[in-house]
Structures are given as C-alpha cells and as structure tokens.
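>>> Got a predicted structure plus its sequence, pasted below:
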Amino acid sequence: MISPMETTELEDPLHLVDAYPTGISGTFERELVQTFKLLADDSRLKILLHLVKEGELHVTALCERLEQNQPAVSHHLALLREAAVIECRRDGKHNYYSIRKEHFHSIMQRLFSSILNEGEEGSGMRELLGRRADF
C-alpha cells in the first residue's frame, strides 16, 4: 500500500525538494529535479544520446533517427533548450542542435560533488540517499 507521502512524491517530484533537507541549495535541487525529469522521457534521452554520439544534428536528422514527426521532436528539443541542456545553431533553413556540455557537466559535477563531499553539503545528500534507498 502506498502511503500519502509516497503518493505525493509520485504526483509531484518537487515535493521531495521541500520534504528532505539535503544541505544543497533549493535552487540547485530544483535544477536537478528538472534535469532528471527531462531525462526520464525516452525520446528526450534518445535525442541526447544521438547528440552525444554525433555532436550536432538538425531537426530532420533527429526525426529520422527517432522515427517521430517534426512537431513531436521540436517539442522535445524546445524543452531541452529551455532547460539549457542543449543549444541551437541556425544555418540556412536548418536548426542544428548540440549538447551544452559545460552546463550539463556542471550539473553532474555539482551533484556528485555534493554526494561525495565530506562537508556539511554532502552529509545531507547522503542522509537523503540513505532514507530513499528503497526505490
């Protein structure tokens, strides 16, 4: 049986940000939640994997690789662009997309640094991970 707290977590992952003190800033926690929610979608994750593999692709190429129509792919690209995970470069009629490596690496580095850090920031994260080990 799912408890009321677990129900809230499933409906609103941002609830975790307020429910568990992690020792990292609320802004960074929200950024992590947004990033991982974006990556939880199969299509967006596949887009990122294609961009990692090929460096830069235009929308038509991504549509072909994902076997999806242009409006659907453009929607996913817009969400990734708004979250600053990818960037766009226009060349003639095509928009070319690539990963903003420095931003993405910064998020991941800050996450793992907070987990591994022996200081105050990391201890809260370890406490959170210990409580949530059941998922």
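Structure received. Just so you know, these numbers come straight off a predicted model, no measurement behind them.

>>> helices and strands of this structure: which one bottoms out on pLDDT?
Scoring the helices and strands of the chain by mean pLDDT, DSSP states H and E places helix 4-11 at the bottom, with a mean of 47.

>>> If you count contacts, what does the lengthiest helix in the chain end up packed against?
When the chain is parsed with DSSP state H, its longest helix is helix 101-116. In terms of contacts (3 or more C-beta pairs under 8 Å, 6 or more residues apart in numbering; DSSP states H and E), helix 101-116 is packed against helix 26-39, helix 120-131. Where C-beta positions appear, they are placed from N, C-alpha and C, glycine not excepted.

>>> Worst mean pLDDT among these?
Mean pLDDT across the helices and strands packed on helix 101-116 is lowest at helix 120-131; the value there is a mean of 50.

>>> The residue lying closest to Q34 once chain neighbours are set aside: what's it in contact with?
Nearest residue to Q34, sequence neighbours excluded (C-beta to C-beta, 6 or more residues apart in numbering): A83, at 5.8 Å. By C-beta atoms under 8 Å, 6 or more residues apart in numbering, the contact set of A83 is Q34, T35, L38.

>>> and which of the residues you listed is nearest to R110?
R110 lies nearest to T35 out of those, by C-beta to C-beta, at 10.8 Å.

>>> Please verify my assumption that the closest one contacts V85.
Yes: here T35 reaches V85: they are 6.9 Å apart, a contact under C-beta atoms under 8 Å.

>>> Those two - which one has more neighbours?
Neighbours per residue, other C-beta atoms under 10 Å: of T35 and V85, the larger number sits with V85, 22 against 19.

>>> Tell me the confidence at that one?
So V85 comes in at 90 (pLDDT).
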